[in-house]
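Asker: what's the 3D shape of this:
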Amino acid sequence: MTSTHTIEWFRHASPYINSHRGKTFVLCFSGAALTSSFFSDLINDITLLSHLGVRLVLVHGLRAQLDSTLSAHHIEPVVVDGLRVTNEQTRDILVAEVGKARVFIESRLSMGLPNTPMAGAHLSVTSGNFITARPHGIHHGVDFLYTGQVRQVHATALKELIEQGHLVLLPPLGYSRTGDVFNLLSEEVAMQAAISLQADKLIFISEHAMVDSSDQPIREADPDTVETLLDKMPPEAPARLILSKAATACKSGVNRTHILSLNDRDALLKELFTRDGSGAMINADHYEHSRMANISDIGSICTLIKPLEDDGTLVHRTTEQLELDIEHFRVIEREGLILACAALLPIGDHDNASSTADHSCAEIACLVTHPDYQNTGRARSLLAELESHAQKQGISTLYVLTTRTNHWFLEQGYKPAELNDLPATRLSSVNRQRNSRLLVKVVGKGCWESI
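Answerer: The predicted structure follows:
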């Protein structure tokens, strides 16, 4: 990336820097991440987030380390229904691995060599008994022994620490009221911590690709959609565990869960500081949504349509005209950016200049998609919404005047028509020098027979 591109990227990242400041993120990375060649980059990015004012809770896994050590001791792991049975020997090995991992992570977060991203950095890292656990118990006759489940996250203590600037580190361990130590799923620890803290984001970094049952990448989904996807996945699918925890977190008060690839060294910063992100995102709210426009959207709509006005594709509209018509516009918004807009402009007097206006006809106008998001189906979606809205309003016939998108509208079911078929009041204001083509679509009864 050239210096110019770096500066431009930094400018575009500015709104995200501002919005993330003071927010709480729970970041969960697998045991495989600890041995990844990209782990130093992850540490640098964590440090950067902390310096930008993000409050961080880190949760690490140790599945790979535990399997490796058990194999070295010639101990065969016992897994039932995808969950490890933890006997006393396995638990003791896990406790030792937790100690090694904590020292390793803390040492990396303490680096401050000159000419590195960590230069001059100092992070206070705190770990402790913040997770109370209970035994998983006996299932189908199998005693899972020291495999546990999260019973309580001591959120008050965690909040006090992160508000004081501490970076909290949570291992996949929990402690019971009887003094026992239990092996926990790091994904569950992260999910429960995020829910208890009402974190703004829960972020998983995984070596497993997030794909559906058809092996298609999952980019965005809401919790209900995730649950539908899970129903179609085989029980052994690697993506199941994280997706299920992500959906549960979003249904329990966490606004967004992000699932990033361990194999992309830039995944974390791309996901947090660019509009299109990097991995999969599960939303409790609507990350991208369609809505009616309002007066505050006029500036964004002007910016969106100006290039097409300049090259003659669209008729020029003044700001005053947009203000008068704004109630008829619909937009697709993504993280504050207007990606597409279109207007449904009612036409009265559909028969002749002396007839009574009944508003049974309307014009589809100013249908524009941001250049970066063209050919993604958004224009088609927006048009379908306007057609549905027209039907509900009793509008039976829709007109389109176009100079360059004739074929696209034909594909959407519009039919060619003669310019004189336009209602008289609209025909009188047409700029005939543009030589626009007229297309029409009947979405209800009442107007087509008259033209």
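
Asker: residue 203 should be in a helix, yeah?
Answerer: No. Counting by DSSP: H, G, I helix; E, B strand; the rest coil, residue 203 is not part of a helix but strand.

Asker: neighbours of it, just the number please.
Answerer: Burial of residue 203, expressed as a neighbour count using other CB atoms under 10 Å, amounts to 26. From N, CA and C alone the C-beta is placed, and that goes for glycine too.

Asker: just confirm it contacts residue 260, I think it does.
Answerer: Yes. Counting by CB atoms under 8 Å, a contact exists between residue 203 and residue 260, whose distance comes to 6.7 Å.

Asker: okay, and the common contacts of the two?
Answerer: Both residue 203 and residue 260 are in contact with 268, 271, where contact means CB atoms under 8 Å, 6 or more residues apart in numbering.

Asker: chain neighbours aside, what residue packs nearest to residue 243?
Answerer: Nearest residue to residue 243, sequence neighbours excluded (CB to CB, 6 or more residues apart in numbering): residue 226, at 5.4 Å.

Asker: which residues does the strand or helix carrying the one you found contact?
Answerer: Taking DSSP states H and E as the definition, residue 226 sits inside helix 223-232. Outside helix 223-232, the residues within contact range by CB under 8 Å, 6+ apart are 212-213, 218, 221, 240, 243-244, 246-248, 250-251, 282, 284.

Asker: may I have the beta-bridge partners of the residue sitting nearest the centre point of the chain?
Answerer: If you average the C-alpha coordinates of the chain and look for the closest C-alpha using CA atoms, centre = their mean, you land on residue 281, 3.7 Å from that point. Here residue 281 sits in beta bridges with residue 220, residue 258, going by DSSP bridges.

Asker: right, and it touches residue 217 too?
Answerer: No. Residue 281 lies out of contact with residue 217 (CB under 8 Å); the separation is 11.8 Å.

Asker: residue contacts, residue 196?
Answerer: With contact taken as CB under 8 Å, 6+ apart, residue 196 is in contact with 153, 155, 158.

Asker: that should have said residue 249, apologies.
Answerer: Taking CB under 8 Å, 6+ apart as the definition of contact, the neighbours of residue 249 are 191, 194, 195, 202, 257, 282.

Asker: and it, what helix or strand is that in?
Answerer: Secondary structure assignment for residue 249, by DSSP H and E: helix 240-251.

Asker: chain center to that helix: distance?
Answerer: 14 Å (CA atoms, centre = their mean, to the nearest Å).

Asker: any idea what sits nearest residue 335, other than its immediate chain neighbours?
Answerer: In this structure, residue 335 finds its nearest non-sequential neighbour in residue 275, 5.6 Å apart by CB to CB, 6+ apart.

Asker: wait, what's in contact with that neighbour?
Answerer: For residue 275, counting by CB under 8 Å, 6+ apart, the contacting residues are 12, 334, 335, 337.

Asker: just flag the most distant two among those.
Answerer: Set against one another by CB to CB, the contacts of residue 275 have their most distant pair in 12 and 334, with a gap of 13.7 Å.

Asker: of the two, who's got more company?
Answerer: When neighbours are counted by other CB under 10 Å, residue 12 and residue 334 differ, and residue 334 comes out ahead with 17 against 12.

Asker: dump the residue contacts of the nearest residue to the more buried one once chain neighbours are set aside.
Answerer: With CB to CB, 6+ apart as the criterion, residue 334 has its nearest non-adjacent residue at 4.2 Å, and that residue is residue 288. The contact partners of residue 288, taken as CB under 8 Å, 6+ apart, are 220, 332, 333, 334, 335, 339.

Asker: residue 188 now?
Answerer: By CB under 8 Å, 6+ apart, residue 188 lies in contact with 149, 150, 245.

Asker: what are the pairing partners of the strand of greatest length in the chain, and which direction each?
Answerer: When every strand of the chain is counted residue by residue (DSSP state E), the longest turns out to be strand 337-347. Paired strands of strand 337-347, with direction, are strand 329-334 (antiparallel), strand 361-369 (antiparallel) (DSSP bridges).

Asker: please identify the most buried of these.
Answerer: The densest packing among these, expressed as mean neighbour count by mean count of other CB atoms under 10 Å, is seen in strand 361-369 with a mean of 23.

Asker: what about it, distance to the chain center?
Answerer: Relative to its chain's centre, strand 361-369 lies at 29 Å (CA atoms, centre = their mean).
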